[in-house]
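[1] here is a sequence with its predicted model. Questions after.
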Amino acid sequence: MEIFVGYGNYTIALATMIGIYSIMALGLNIQWGLTGLFNLGIAGFFAVGAYASAILTTSETPKHIGGFDLPVVLAWPLAMIAAAFIAWAVARICIRLRADYLAIATIGIGEILRLIFKNEQWATGGTRGISNISRPFEQLPGIWAPLAFLGVVLILAMVAYWLAERGRTSPWGRVVQAIRDNEPAARAAGKNVETFRIQGFVIGSAFMGLAGALTAHYFKFVGPEATDPLQVTFLVWVMLIVGGNGSNRGAMLGAAVIWTMWSASELFSSRLSGDWAHRAPFVRLFLVGLILQIMLQYFPDGLMPRQRQITARLPRKPTIDQPQSSHILPPF
Amino acid sequence: MKDIVVPQSKAAPPGTGLSIKGISKSFGGLRAVDNCSFDVKRGSITGLIGPNGAGKTTLFSIITGFLSPDCGRITLDDVDVTRLAPHDLFHRGLVRTFQIPHEFSKLSVLENLMVVPANQPGENPITAWLRPGLVREREEQVFQEARNTLAFLGLEKVCDLPAGNLSGGQRKLVELGRAMMSGAGTVLLDEPGAGVNPTLLAQLSQMIMRLNSERGTTFCIIEHNMDMITSLCDTVVVMSSGSVLTQGHMSQIKKDDRVLAAYLGSSAVRALQ
């Protein structure tokens, strides 16, 4: 019986993290898959959401600013807004940069944010982080507590998917994908390229902020190492590439596959003995790097490639009224 | 061509058209465009010819806001539009096409055209999420407009293919299609005939002529195919080494020794004579 509870808990934990990472992978898909913005500062926006929600929901304490005691239904949207605001400020400065330079700039921004969270002790608790964050439904008995939280995460992941998918198939999605394909042509087609790129960057970062907030409440703790770019940024990128860059479903599938492997490899490596146990964390990274390499070499489109028809269901019946022999021109 | 319908928006708006006055642009030490002045009259088809490197495309880029001129003034129907961004000029009815086709390669041909029209409420993400009815309504109009334009261009069969899969000539047509979808009154075409086979070229000329006569679209066309220029253009402007050499009707231009010299080099012309 006990072993089933153990497996049950493990599965719930796995699914919760998959849900959270799905939201981040969807956010990155909006930025890179649709708009073509190379964001290597995912961990930074994740951290903004995590710290914002942590500060807003915790009680008064001398360890960090706070004492707002807000409920999560308010704090999570505010965490998203905080991440979106930082993204907007960054985008105002950096969005004109070409993909590779934007990548470099966002690495820098991710690091700046991490160092702020690590060093501004009065606000963030410094290296000790913020603890005693409440988790919704934690008062429920036994397995129901994590199960209810999982339910919340999955609902939010589905909402995120719905938003991302409706965005992709809308005229907005068409414009940002046009910009990604050919920026000068998009300019010639009358599109204000900067505006659309900022929108893509901000929306994607808001998703990352939400994922950060969920993680903080799930672990009931947030500290500077929780926002380690090597884990957060790197894993989310691998998820999107493995799942299928440009495809929202692919992003979610990638999150499921990669997080399951990441988590399973921890189980595996914790059983290693002696010298190998010390190497285990690096072996895990090596493994993920290997998967990435194989995918890029042999399946560059990912497990679920970009769906081609991006424009939402339109009447496909022949509806052109074409007078057979008339030169009269119908107005639009 | 007979049973094809020109998707029409509106007759040519009154106005003086496009006027370029004293435009110059240097890249480092190279004076790519040097004090260029000419007019593209409303409702005309004006040709812009000249040897390679004469600065024609640079001038197009300046007019449409892709490059900023060092000096000079551009007016559209007597309104100063110098240094406006491409999207601002688009909304004032001035668009360009590209010499090398700039298609949205992963979007379908249909979507390539559907991107273009202005006033699409669904281009605002919030509206796209929350007002699907409003978005859909406009989307169906845009869809119909794109289908009509594709029918006009003879591209219906490839409408669902990614534009990146098209042939060079078809991509040229998509370029023209995007310009048509803009509903712009003034269209600058950069070598619409380059790399297009002779049959398609004849059709292309006809399409341009019909758009001009039936929709009232003003065209300025860069082209190396002299037959096309002769058959299409009322006025021809000749550029050489960044400046306007001469302008006038093609019949006069053809007799002008300076034009021949610009193309062939003055020594070659002397030898010919």
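    Alright, I've got the coordinates.
[2] nearest to chain A: which residue in chain B?
    B:Phe90 (3.0 Å; C-beta to the nearest C-beta). (C-beta placed from N, C-alpha, C; glycine too.)
[3] quick check: pLDDT value at that residue.
    For B:Phe90, the pLDDT comes out at 95.
[4] flag every buried residue along stretch B:39-49.
    In terms of neighbour count (16 or more other C-beta atoms under 10 Å in any protein chain shown), stretch B:39-49 has its buried residues at B:Asp39, B:Val40, B:Arg42, B:Gly43, B:Ser44, B:Ile45, B:Thr46, B:Gly47, B:Leu48, B:Ile49.
[5] show me which of the residues you listed neighbour chain A.
    Among those, no residue lies close to chain A (C-beta under 8 Å from any C-beta of the partner chain).
[6] among those, name the ones in strands.
    Those of the buried residues of stretch B:39-49 mapping onto strands are B:Asp39, B:Val40, B:Ile45, B:Thr46, B:Gly47, B:Leu48, B:Ile49, per DSSP state E.
[7] picking that back up, count of neighbours near the residue of chain B closest to chain A?
    Using other C-beta atoms under 10 Å in any protein chain shown, B:Phe90 has 25 neighbouring residues.
[8] could you look up the SS state of the closest residue to it other than its chain neighbours?
    Nearest non-adjacent residue to B:Phe90, counting by C-beta to C-beta, 6 or more residues apart in numbering or on different chains: A:Gly190, 3.0 Å away. Under DSSP: H, G, I helix; E, B strand; the rest coil, the three-state class of A:Gly190 is coil.
[9] JSON lines please, covering the ones in strands among the buried residues of stretch B:39-49 and showing distance to B:Glu140 and pLDDT.
    Listed next are these as JSON lines, based on distance: C-beta to C-beta, whole Å; pLDDT from 0 to 100:
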{"residue": "B:Asp39", "distance to B:Glu140": "40", "pLDDT": "93"}
{"residue": "B:Val40", "distance to B:Glu140": "35", "pLDDT": "94"}
{"residue": "B:Ile45", "distance to B:Glu140": "33", "pLDDT": "94"}
{"residue": "B:Thr46", "distance to B:Glu140": "36", "pLDDT": "95"}
{"residue": "B:Gly47", "distance to B:Glu140": "38", "pLDDT": "94"}
{"residue": "B:Leu48", "distance to B:Glu140": "38", "pLDDT": "94"}
{"residue": "B:Ile49", "distance to B:Glu140": "42", "pLDDT": "92"}
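[10] and which of those is nearest to B:Ser213?
    Of all these, B:Ile45 has the smallest distance to B:Ser213: 9.6 Å, by C-beta to C-beta.
[11] so who does the closest one touch?
    B:Ile208, B:Met209, B:Asn212, B:Thr218, B:Phe219, B:Cys220, B:Ile221, B:Leu232, B:Cys233, B:Asp234 (C-beta atoms under 8 Å, 6 or more residues apart in numbering or on different chains).
[12] just flag the most distant two among these.
    Top of the distance list for the contacts of B:Ile45 (C-beta to C-beta): B:Met209 and B:Cys220, 14.6 Å.
[13] show me where the chain has helices.
    Went with chain A since none was named. A:2-28, A:42-57, A:72-94, A:99-119, A:121-124, A:144-169, A:171-181, A:183-188, A:193-219, A:232-243, A:248-270, A:275-298 (DSSP state H).
[14] actually it's chain B I care about, not the one you picked
    B:56-63, B:86-91, B:109-114, B:125-130, B:132-153, B:168-181, B:198-210, B:226-232, B:250-255, B:257-264, B:266-272.
[15] ok so, going back, okay, and which of the contacts of B:Ile45 map to strands?
    B:Thr218, B:Phe219, B:Cys220, B:Ile221.
[16] what count of nearby residues applies to the closest residue to A:Ile130 other than its chain neighbours?
    Leaving aside its chain neighbours, A:Ile130 sits nearest to A:Ala54 (4.3 Å; criterion: C-beta to C-beta, 6+ apart). Using other C-beta under 10 Å, A:Ala54 has 29 other residues around it.
[17] about what we covered before: between B:Met209 and B:Cys220, point out the one with more neighbours.
    With neighbours defined as other C-beta under 10 Å, B:Met209 and B:Cys220 compare such that B:Cys220 has more, 28 against 14.
[18] could you measure from the closest residue to chain B within chain A over to A:Arg166?
    Of all residues in chain A, A:Gly190 sits closest to chain B, at 3.0 Å by C-beta to the nearest C-beta. Look at A:Gly190 and A:Arg166: by C-beta to C-beta, to the nearest Å, they are 23 Å apart.
[19] more crowded one of those two?
    Taking neighbours as other C-beta under 10 Å, A:Gly190 and A:Arg166 compare with A:Gly190 leading, 23 against 20.
[20] look at that one and report its pLDDT.
    Value for A:Gly190, per-residue pLDDT: 94.
[21] which residues touch it?
    Counting by C-beta under 8 Å, 6+ apart, A:Gly190 touches B:Pro86, B:His87, B:Phe90, B:His91, B:Val95, B:Val116, B:Ala118, B:Ser182.
[22] nearest to B:Val244, of those residues?
    Of all the contacts of A:Gly190, B:Val244 sits closest to B:Val95, with 22.7 Å by C-beta to C-beta.
[23] enumerate every residue touching the closest one.
    A:Ala188, A:Ala189, A:Gly190, B:Thr64, B:Leu89, B:Ala179, B:Ser182, B:Ala184, B:Thr186, B:Val187, B:Leu188.
[24] one more pass at 7 Å, please.
    Residues in contact with B:Val95, defined by C-beta atoms under 7 Å, 6 or more residues apart in numbering or on different chains, are A:Ala188, B:Ala179, B:Ser182, B:Ala184, B:Val187.
[25] since we're on A:Asn29, how many residues are nearby?
    Residues lying near A:Asn29 (other C-beta under 10 Å) number 30.
[26] ditto for B:Phe27
    The local packing of B:Phe27 (other C-beta under 10 Å) involves 10 other residues.
[27] re earlier: out of the contacts of B:Val95, which is nearest to A:Pro305?
    Closest approach to A:Pro305 among the contacts of B:Val95 (C-beta to C-beta): A:Ala188, at 28.4 Å.
[28] show me the shaky parts of the chain.
    You didn't say which chain, so I picked chain A. For chain A, residues meeting the criterion pLDDT under 70 lie at A:1, A:308-332.
[29] correction: the question concerned chain B.
    Applying pLDDT under 70 to chain B picks out residues B:1-13, B:268, B:272-273.
[30] distance to A:Ala264 added to the ones in strands among the contacts of B:Ile45, as CSV?
    Shown next, in CSV, are the ones in strands among the contacts of B:Ile45 (distance: C-beta to C-beta, whole Å):
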residue, distance to A:Ala264
B:Thr218, 66
B:Phe219, 64
B:Cys220, 64
B:Ile221, 63
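[31] and which of those residues is nearest A:Phe201?
    When these are compared against A:Phe201 (criterion: C-beta to C-beta), the nearest one is B:Cys220, at 36.4 Å.
[32] quickly list what the closest one is bridged to.
    Beta bridges link B:Cys220 to B:Thr46, B:Leu188, judged by DSSP bridges.
[33] pull the contacting residues for it.
    By C-beta under 7 Å, 6+ apart, B:Cys220 lies in contact with B:Leu18, B:Val40, B:Thr46, B:Leu48, B:Leu188.
[34] for the second one, which non-adjacent residue is spatially closest?
    What sits nearest to B:Val40 in space, not counting adjacent residues and going by C-beta to C-beta, 6+ apart, is B:Leu18, at 4.1 Å.
[35] that neighbour bridge partners, please.
    Residues in a beta bridge with B:Leu18, per DSSP bridges, are B:Val40, B:Leu76.
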